[in-house]
Every structure is written in structure tokens, then in C-alpha cells.
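Trainee: Need the 3D shape of this:
(chains A and B)
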There are 2 protein chains.
Amino acid sequence: MMYMGLDVGGTTFKAGLVTPEGRIVHKDAMPTGIERPYQAIIADMAALCRKVAADAGVAMADVAAIGVGVPGLFDNRTGRIPFCTNLGWHDVPFVEEMKKHLHTPVFGDNDATVAGLAESIAGVSAGVRSSVLLTLGTGVGGGIIIDGKPYSGAHGVGSEIGHMMVAMGGELCTCGNAGCFERYASATAIIREAKKAVAAHPQSAILTACGGDAQKINAKIVIDAAKAGDETALRVFDGYVQGLAVGIVNIINMIDPEMIVLGGGVSAAGTFLLEAVREKVKPMVFFKTMPYARIELAMLGNDAGIIGAAMLGK
Amino acid sequence: MMYMGLDVGGTTFKAGLVTPEGRIVHKDAMPTGIERPYQAIIADMAALCRKVAADAGVAMADVAAIGVGVPGLFDNRTGRIPFCTNLGWHDVPFVEEMKKHLHTPVFGDNDATVAGLAESIAGVSAGVRSSVLLTLGTGVGGGIIIDGKPYSGAHGVGSEIGHMMVAMGGELCTCGNAGCFERYASATAIIREAKKAVAAHPQSAILTACGGDAQKINAKIVIDAAKAGDETALRVFDGYVQGLAVGIVNIINMIDPEMIVLGGGVSAAGTFLLEAVREKVKPMVFFKTMPYARIELAMLGNDAGIIGAAMLGK
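Mentor: Model prediction:
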């Protein structure tokens, strides 16, 4: 048996045929075209699933389930998507719509949650029973795995770790609150702080790297400058790691998973980030002489979305 | 079959014989005497268990298990207590020591965790599969119940919700970090802020109620003054509720339990507190139109420790 995973984004969606071990056999992508009604988009998703299976020489009858990871909520009891902000979807009857095109069972979950599941089956947290994945991108997503299963809480509104408030009265968040974790641990936070920093320190290598135009600053430029020893970039990076470490310590003190996995664009900084985070976390955990979660880098990159979605049906 | 629960504090410990439904049949207490070696204290605990059973006319052979709730950690795999700060215990072989006196199986867990378990069996969260209890006292303890079972994480160091940082760079905490939740949501926080407030507003009813001596301020005095409409007390109370609500929203956004239960001394403020908390939480939850955790007051009061400890063996 094989599994189909759909990774849905605001620009493109991807489908992949995945083995029970979490290996992608074949994958393909299509533009999402969010200006269209959801019926048309879902019809394309079903068509892409058929195409991927056909191109891999697998009959749809041999696909045990289709899983979908969405940048929003998915309610498996009703088969509906209550919210998917990037797509402008509200209360979309996803499973019902898919069933008009395909007879394969359909499951879904949040994209960070399925990425966490993927890592726990075929990635860095393989064999680990409980883990929390953080996707460090434009925002911060959270994927909680407990007892080997995705955990989204009693009402499906949990694991929104990016919206844990870590700084009461701090930076305003798009969610309407202040001081959310993602205001400090996202790529957006690095860019915001770097812009402030180069205004005060225009000689920074950050500004050189973007041709003197602070509007071109991105997280990679800042981290590369920090790696190269630029003092301004190092201060920005240190502040970022501090915020990230506070959130990680909170996860340890509350959920105490076996492993915390760092994924998303910022995690491309690799061991430079990992070692700095581990060093900041250590003195802050509550029980200082007890074992606590290993902190590791995600392994599956962009494939995590397809793999984790596919594994929802396993 | 009956169950024995031991509720261990720094001043006294209590033992109670509990039915499988979580009803206390008989209970008794002894001074802890923390100046003594742990062997003497544990011998007394075993003796009190025998006495409570005998006084209730139940043979120890009809007690299925002894459960113990400690203000610290309990490792059920090793039977040891790695930390119990109030008692000055480090790595105490609790089960081994109890077995010198009694042949009943022994289990243990953190005191806030067992209180959460008690409420989920015989209290306000009875029948609720996932809940988080907050004990609002000198500090803030957390008891997490998932799938009807106590949840302490992969290394047993989880559910330390009082040490979730909600205010980076904020009030210093006894744990060495800054901005921990318990610095804002404990009785201690109310007292600290009330002392500051009466220094600026000596006409407050808070100061009248403690005979002009700010050192005598306690949480009840402040809350009673707030209930009576004293403006200074209301401002302190409002700030307290704000901090408490931030932590509760974080629990909802991350763990999304079915219910959040408020226990501990401050929860004696009753519906005055409950309604204020519900009102502050509502606009801050991430998914504003989705159902989220009910917030309720704990029901079992001081008996929760005995009941929950006893139910560990069920």
C-alpha cells in the first residue's frame, strides 16, 4: 500500500506518493490559484493526486489514504477546514469535495503538525515518541507529537506555539495580542531587529551584503554576517536566539517532549544556530540537573509537508 | 478495594483512605518534621497509613495501592524522588523505604498533578478527558491530565506551568529566570503589587483592612477590597487577572485542553475571579470563533491532594 500526501500553500500545492516508511516515490506540484472558488482548487488537487499516482505507475486503488497539510485548521471529525487564512478559506467541506473526485479516504491536519509527524517517522525524531517541531519562518508554527501521534488538543486549536505570549506588553502580533513567541523567533523578527540595528550601525556587513538597501535584508543575510563575525549581526542573532530559547524552555517546562526539532527557513543556519540555542536553553530549564529534551535540526526540509500529510492516513 | 492517598507538605503530611470513586472515607495528619532524616519521616508516613486504615476498619491487605503527592518530582520508573525542595530531599529512594514498612504498591507524582487528577475523577473536571489545573498559591503549580491520565512529560519534568516565561526581562523568579508566569499569577504577585499600590495610595481600603501595616497584606484582603469596590485594589486585581489570563491563553493555544481548572488559595475568590478571567481570556485566544477550554473553579479544596494521590494507584 502507498499513501498520498498533499502539501497546500498559498502559492502552490504539492502532491507526493509516499511509502509506509515515509519515503517519497514521486511528487509533482501545481499553482494554487487562490482567486478561484475552493471547488476548482480541490478538483485540481484531486487531479494532481491522480497524475502523481499514474506517473508513478500506481493505481489509485492501491493508495490507502490521502492526507493533506494546510496552513490552518483541519477538523477530521467533520472533514471540514474551519480556517485557512492564506487561502481565504472558511469552513470549507474539504473531504466532501474531494469525494466528488476520488474514493480514497481523506485526512488532514495543520502543516506544522504534519511536518512534525514526518520528522517523527522518517526524519530526525524517528523513533522518538514525543516531540515538538518549530517551523521558524515568516511566523513560527508548532507541531506536537505525543505517543507517536499528532496532538492538536481537545478542540483542534492547540499547538499554536507561535502565539504563546512570552513578552507581556511586547511587540504587537498579527493575532491582536502583544509579545507572541513568533514576534521574537521568526525570520521576521531577525529582519525587524536587523533593520533597527543597521540604522544605528550603518557600517555593518549586513548593509554591505544587501547593497546598502535595508529593505533587502533577509534572515540569511543577517545570519551569514553573524557567522562571519560582524558585531551588529551577532547582536541581532544573539537577541533572536534569546527569544527562541525562552520559548523552547517554556515548551520543556510545560510539555517536556523527548525532542525539540528546529525546522523552517531559519533552521538552514544549521549548527551555528543549534549550538547557540542549546547554550542559551541549558541554564534556563527549571530542573537543572535532570535530563530534558534534545534539541535537533529538522532533516526533511520541504519534503516534510508531503511526507507528514501522507502519514496521517497510516 | 480501597486506595490510600498521602499528601506531603513541608509542615504536615496527610493520609486518607479513598474509594475507587474518589471519596475520602477517613483521613488523618501528622507533622512532617523535616529536620529529621527521610527514613524517619517515611516510617511515620507508613505508620499513618496503617493508622488511617485501622481507624476506618479496613485491613491494609484491602488497600490496593498507596499514592503520594509531593511538592517536587517523583520518578515512578525508579521509585525515587529526585527533588522535593520543601522537604530538602534529593534523590530519596521513597518506594524502597516504604517497602520496609508496608507491602502495598506505591506510586507518586507532583502535588499539582495529583490535584488535577483528583478534580478529573471526583471534582469539577470529572468526565473530562483533558484538563489543566492551576494551583494559584504562593507559587503557581500545574497539573496536566491528557486522555484521563496525569501527564508529566518524557523526562517527568513537564507541567511546571508556573515557570513558563510570559514576560521576558520581567520580574525575577526564584528559579533564576525572569518573567515566569508565577511571578504574575500567584498570591505572592497580588501581595507584591498591592504593597506598591498602597505606597502610592495610602487611602486604599487594603491598608485599612490590615490596620495600616502593609506587611500584613495578603491576597484575600486585596481581593475582598476589590470586591467592595476599592479602586486601588481593583487596579491590582485587574493587573493580576491580566497576567493569569495571558498564561491561560498560552495553555489554550498550546495544549488546548477541554477544561482549565483554577485551584489554590487565590481561587477562593470564587466567581469574582472566574468571571474576570473568562472575560480577559476570550479576546486573546488565537482562534476567536472556535470552541476552546472551559475555565472553572476547583471543587475539592484541600482534599484534592489526598484524593488525587490515592487515585494514582487506580
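
Trainee: burial measure for the residue in the stretch 201-314 of chain A that chain B sits nearest to, as a count.
Mentor: Chain B sits closest to residue A:256 of the stretch 201-314 of chain A, with a gap of 2.3 Å, by Cβ to the nearest Cβ. Heads up, the C-betas are built off the backbone N, CA and C, glycines and all. Neighbours of residue A:256 under the rule other Cβ atoms under 10 Å in any protein chain shown: 27.

Trainee: Could you list the buried residues of the helix or strand residue A:206 falls within?
Mentor: Residue A:206 belongs to helix A:205-209 when assigned by DSSP states H and E. Across helix A:205-209, burial judged by 16 or more other Cβ atoms under 10 Å in any protein chain shown covers A:205-207, A:209.

Trainee: elements contacting it?
Mentor: Identification of packing neighbours for helix A:205-209 by 3 or more Cβ pairs under 8 Å, 6 or more residues apart in numbering or on different chains; DSSP states H and E yields helix A:187-200, helix A:219-227, helix A:231-254.

Trainee: So which of those is nearest residue A:105?
Mentor: Between residue A:105 and the helices and strands packed on helix A:205-209, the shortest separation by Cβ to Cβ is 32.3 Å, and it involves helix A:231-254.

Trainee: next one: stretch A:138-155 to chain centre, how far?
Mentor: The chain centroid and the centroid of stretch A:138-155 are separated by 10 Å under Cα atoms, centre = their mean, to the nearest Å.

Trainee: give me the number of residues near the closest residue to chain B within the stretch 1-150 of chain A?
Mentor: Residue nearest to chain B within the stretch 1-150 of chain A: residue A:130 (5.0 Å; Cβ to the nearest Cβ). For residue A:130, the count of nearby residues is 24 (other Cβ under 10 Å).

Trainee: unless I'm mixing things up, it is touching residue A:150, no?
Mentor: No - contact between residue A:130 and residue A:150 fails when scored by Cβ atoms under 8 Å: they sit 11.5 Å apart.

Trainee: so what's residue A:225 closest to, chain neighbours aside?
Mentor: residue A:233 (3.5 Å; Cβ to Cβ, 6 or more residues apart in numbering or on different chains).

Trainee: Contacts only, for the one you found.
Mentor: A:194, A:197, A:204-206, A:222-223, A:225-226 (Cβ atoms under 8 Å, 6 or more residues apart in numbering or on different chains).

Trainee: returning to what we had before: pull up the per-residue confidence for the residue of the stretch 201-314 of chain A closest to chain B.
Mentor: Among the per-residue scores, residue A:256 shows a pLDDT of 98.

Trainee: who touches the nearest residue to it once chain neighbours are set aside in this structure?
Mentor: Nearest non-adjacent residue to residue A:256, counting by Cβ to Cβ, 6+ apart: residue B:153, 2.3 Å away. By Cβ under 8 Å, 6+ apart, residue B:153 lies in contact with A:130, A:255-257, B:159.

Trainee: cool, and residue A:67?
Mentor: By Cβ under 8 Å, 6+ apart, the neighbours of residue A:67 are A:3-6, A:106-109, A:114, A:308-313.

Trainee: neighbours around residue A:297, how many?
Mentor: Residue A:297 - counted by other Cβ under 10 Å - has 18 other residues nearby.

Trainee: How much space separates it from residue A:268?
Mentor: Going from residue A:297 to residue A:268 by Cβ to Cβ, to the nearest Å gives 9 Å.

Trainee: what about the residue sitting furthest away from the middle of chain A, helix or strand, and which?
Mentor: Relative to the centre of chain A, the most outlying C-alpha is that of residue A:203, 34.2 Å out, by Cα atoms, centre = their mean. In the assignment (DSSP H and E), residue A:203 maps to no helix and no strand.

Trainee: Provide the backbone phi and psi angles at it.
Mentor: Note on residue A:203: backbone dihedrals following degrees, to the nearest 10 are phi -80, psi 0.

Trainee: doesn't residue A:304 make contact with residue A:114?
Mentor: Yes - assessed by Cβ under 8 Å, residue A:114 is found in contact with residue A:304 at 7.5 Å.

Trainee: Would you tell me what helix or strand residue A:48 is located in?
Mentor: Applying DSSP H and E as the criterion places residue A:48 in helix A:38-55.

Trainee: What's the local residue count around residue A:127?
Mentor: Residue A:127 has 9 nearby residues by other Cβ under 10 Å.

Trainee: For residue A:308, see how far away it is.
Mentor: Residue A:127 is 16 Å from residue A:308, by Cβ to Cβ.

Trainee: can you tell me the residue of the stretch 101-250 of chain A closest to chain B?
Mentor: residue A:153 (2.3 Å).

Trainee: any idea of the pLDDT on that residue?
Mentor: 96.

Trainee: what secondary structure does it sit in?
Mentor: Three-state call for residue A:153 (DSSP: H, G, I helix; E, B strand; the rest coil): coil.

Trainee: can you pull the contacts of the closest residue to residue A:44 other than its chain neighbours?
Mentor: Leaving out its chain neighbours, the residue that sits closest to residue A:44 by Cβ to Cβ, 6+ apart is residue A:30, at 5.7 Å. Counting by Cβ under 8 Å, 6+ apart, residue A:30 makes contact with A:12-13, A:44-45, A:48.

Trainee: Check residue A:283 too.
Mentor: residue B:176.

Trainee: what are the pairing partners of the helix or strand bottoming out on mean pLDDT in chain A, and which direction each?
Mentor: One helix or strand of chain A scores below all others by mean pLDDT, DSSP states H and E: strand A:81-84, with a mean of 92. Here strand A:81-84 is paired, per DSSP bridges, with strand A:89-92 (antiparallel).

Trainee: Give the next helix or strand downstream of the partner strand.
Mentor: Per DSSP H and E, strand A:89-92 leads on to helix A:94-99 as the next helix or strand towards the C-terminus.

Trainee: Give the buried residues for that next one.
Mentor: Buried, per 16+ other Cβ under 10 Å, within helix A:94-99: A:94-95, A:97-98.

Trainee: dump the residue contacts of the nearest residue to residue A:82 once chain neighbours are set aside.
Mentor: Of all residues beyond its chain neighbours, the one nearest residue A:82 is residue A:73 (4.7 Å), with distances taken as Cβ to Cβ, 6+ apart. Contact analysis of residue A:73 by Cβ under 8 Å, 6+ apart lists A:81-84, A:110, A:156-157, B:287, B:290.

Trainee: From those residues, list the buried ones, please.
Mentor: Applying 16+ other Cβ under 10 Å to those, the neighbour count classes A:81-84, A:110, A:156-157, B:287 as buried.

Trainee: What is the nearest of those to residue A:142?
Mentor: residue A:110 (8.6 Å).

Trainee: so that closest one makes contact with residue A:69?
Mentor: Yes - counting by Cβ under 8 Å, residue A:69 is a contact partner of residue A:110 at 7.0 Å.

Trainee: What pLDDT does the model give the residue farthest from the centre of chain A?
Mentor: The model's pLDDT for residue A:203 equals 96.

Trainee: Same question for residue A:304.
Mentor: With respect to pLDDT, residue A:304 scores 98.

Trainee: The closest residue to residue A:190 other than its chain neighbours: neighbour count?
Mentor: Nearest residue to residue A:190, sequence neighbours excluded (Cβ to Cβ, 6+ apart): residue A:219, at 4.4 Å. Neighbour count for residue A:219, taken as other Cβ under 10 Å: 25.

Trainee: how near is residue A:219 to residue A:247?
Mentor: Note on residue A:219: its distance to residue A:247, by Cβ to Cβ, is 17 Å.

Trainee: if we can go back for a sec, going through the contacts of residue A:30, which ones are buried?
Mentor: Judged by 16+ other Cβ under 10 Å, buried ones among those: A:13, A:44-45, A:48.

Trainee: Tabulate those residues in TSV, adding columns for distance to residue B:121 and pLDDT.
Mentor: As requested, these are exported to TSV (distance: Cβ to Cβ, whole Å; pLDDT from 0 to 100):
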residue	distance to residue B:121	pLDDT
A:13	46	97
A:44	50	98
A:45	45	98
A:48	49	98
